[in-house]
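In: I would like to see how this sequence folds:
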Amino acid sequence: MPSIRRHLPPLGAAMLLVSGCFGDYVPARDASQTTEASTTTTTTTGGGSLDSSAVSSSSSSGGPALCEHLDLLILTDVSLSMAPFATGIINVLVALGTLVESTFAEFGTYRVGMVFNAPPVLNENAFSVPDGGEGCTQLGALVRGQGACIQDFDERPYLTEQDALGPGLTCLSEGLLMGNVNVAYEQPRILDALLAVLGADNDPAREICNEGFYESSDPLVVIVIADAEDESDASVLEAVTRAIGTQPGTSLRNIGVFVIGEDTAMCPEDVESDCVAEPACKLQEFLDSGFSGPLEGNVRRFSICRSQEDDPAAVAQSLLDQLTPVIAQVCSQAPS
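Out: Below you'll find the model as predicted:
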């Protein structure tokens, strides 16, 4: 039986001083595409494009088959630099949770979880922590609910097709609002966190924390939310090698990555931003190295800098329009 713990009152309010939302963008290297066109065109790491409406229609008419099962992981930065975006991120994710239920209806089963790109120390005070999980504060441990609302989904740190995704993501997102400001959060480790999730079965405590969420044979789509450069201990080459090593065969074809962040077209040079976000150039190098050639379609990006947007539902719909091709691409490559 998991132990029940009282959660702390809200801390770390500095993370929520300013709200912000997102919008889609066209990278600078695709200057021939207009902002208006970007709502129906998805940009790949290689500069190509994919019409999301075409993917949607083909998938519903016998085109790329949707997955029998899909795991969706939200990997978000929780450093203080995220303060201008924290409230907007939560609002959009909650709105997205409501919208994706109809998109995911064609899947047999799915799971949705959240992880920080730093050790989730707030899990020590979660409503429910499994015995043997050592507080579930290891890098790569899923964020656990901070209140009794997790009883609505059996005290799991992830959601399934049996749960209402909107309320469920609201419950899990309490972790973004109630965590202590911790020095560990100021080293945003995107690649290290992703590798920890992919290799969770190599760490007994983390395997207990994430039990039931992800198996390497399953298609996985990762939504990465980042506003600054990655500071992972792993080099790009090491990260690519280790990520491939967790997957069947020698390919990341089962994995899709959807980045909500700043334009990386100017990397490694500094890029001036309209909304104080910085590009995660190391993450982009990882994506370019690990998802080249036929796997470019496994990666898409979405801007974190459209802070003028004040309608989370509309922004979430735009995000979903861009996310859908990633899901279709990954599912089409999943082994039958």
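In: where are the low-confidence patches of the stretch 201-336 of the chain?
Out: For the stretch 201-336 of the chain, applying pLDDT under 70 flags the ranges 270-274, 306-308, 335-336.
In: could you pull out the helices for it?
Out: 204-209, 236-245, 281-290, 312-333 (DSSP state H, counting those that start in this stretch).
In: and the ones you listed as a markdown table, adding mean neighbour count and distance to Ala83?
Out: Every C-beta, even on glycine, is put in place using the N, C-alpha and C of the backbone. Listed next are these as a markdown table, based on neighbours: other Cβ atoms under 10 Å; distance: least, Cβ to Cβ, whole Å:
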| stretch | mean neighbour count | distance to Ala83 |
| --- | --- | --- |
| helix 204-209 | 19 | 27 |
| helix 236-245 | 16 | 27 |
| helix 281-290 | 21 | 20 |
| helix 312-333 | 21 | 18 |
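In: Now render those helices as TSV, adding distance to Leu142.
Out: Below are those laid out as TSV (distance: least, Cβ to Cβ, whole Å):
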stretch	distance to Leu142
helix 204-209	6
helix 236-245	18
helix 281-290	20
helix 312-333	20
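In: Of those helices, which is nearest Asn298?
Out: Of all those, it is helix 312-333 that lies closest to Asn298, at 5.6 Å by Cβ to Cβ.
In: From the chain's centroid, how far away is that closest one?
Out: What separates the centre of helix 312-333 from the centre of its chain is 12 Å, taken as Cα atoms, centre = their mean, to the nearest Å.
In: And for stretch 96-112?
Out: 15 Å.
In: same deal with stretch 325-336?
Out: 17 Å.
In: circling back: of the helices of the stretch 201-336 of the chain, which is nearest Leu66?
Out: That would be, of the helices of the stretch 201-336 of the chain and by Cβ to Cβ, helix 312-333, which comes in at 5.0 Å.
In: helices or strands up against that closest one?
Out: helix 52-59, strand 69-76, helix 86-103, strand 220-225, strand 255-261, strand 299-303 (3 or more Cβ pairs under 8 Å, 6 or more residues apart in numbering; DSSP states H and E).
In: switch the cut-off to 10 Å
Out: Under the contact definition 3 or more Cβ pairs under 10 Å, 6 or more residues apart in numbering; DSSP states H and E, helix 312-333 sits against strand 41-43, strand 49-51, helix 52-59, strand 69-76, helix 86-103, strand 220-225, strand 255-261, strand 299-303.
In: In CSV, list the C-alpha atoms belonging to that helix.
Out: What follows is helix 312-333, C-alpha atoms only, in CSV (Å, rounded to 0.1, in the frame of the first residue of the first chain):
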residue,chain,number,x,y,z
PRO,A,312,-5.7,28.9,-23.9
ALA,A,313,-8.3,26.8,-25.8
ALA,A,314,-7.4,28.4,-29.2
VAL,A,315,-3.7,28.0,-28.5
ALA,A,316,-4.2,24.4,-27.4
GLN,A,317,-6.1,23.7,-30.7
SER,A,318,-3.2,25.2,-32.7
LEU,A,319,-0.8,23.1,-30.7
LEU,A,320,-2.8,20.0,-31.3
ASP,A,321,-2.9,20.7,-35.0
GLN,A,322,0.9,20.7,-35.0
LEU,A,323,1.2,17.7,-32.6
THR,A,324,-1.1,15.4,-34.6
PRO,A,325,1.4,14.8,-37.4
VAL,A,326,4.1,13.8,-34.9
ILE,A,327,1.7,11.2,-33.4
ALA,A,328,0.7,9.9,-36.9
GLN,A,329,4.4,9.7,-37.9
VAL,A,330,5.4,7.7,-34.9
CYS,A,331,2.4,5.5,-35.0
SER,A,332,2.9,4.7,-38.7
GLN,A,333,6.4,3.4,-37.8
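In: Name the residues linked to Ile223 by a beta bridge.
Out: Ile74, Phe258 (DSSP bridges).
In: That one contacts Asp71, correct?
Out: No: contact criterion Cβ atoms under 10 Å: Ile223 and Asp71 do not qualify, at 11.5 Å.
In: shared neighbours of those two, anything?
Out: Overlap of the contact sets of Ile223 and Asp71 (by Cβ atoms under 10 Å, 6 or more residues apart in numbering) consists of Val112.
In: The closest residue to Pro204 other than its chain neighbours: what's it in contact with?
Out: Distances taken as Cβ to Cβ, 6 or more residues apart in numbering put Gly132 closest to Pro204, at 7.5 Å, once the chain neighbours are dropped. By Cβ under 10 Å, 6+ apart, the residues touching Gly132 are Pro204, Ala205, Glu207, Ile208, Cys209, Glu211.
In: can I get the residues you listed in TSV with distance to Thr264?
Out: As requested, the contacts of Gly132 are exported to TSV (distance: Cβ to Cβ, whole Å):
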residue	distance to Thr264
Pro204	36
Ala205	34
Glu207	33
Ile208	36
Cys209	31
Glu211	35
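In: Tell me how many other residues surround the residue nearest to His69 when sequence neighbours are not counted.
Out: Of all residues not flanking His69 in the chain, Thr109 sits nearest, at 4.7 Å (Cβ to Cβ, 6+ apart). Neighbourhood size, Thr109 [other Cβ atoms under 10 Å]: 14.
In: can you pull the pLDDT of Thr109?
Out: Thr109 carries a pLDDT value of 89.
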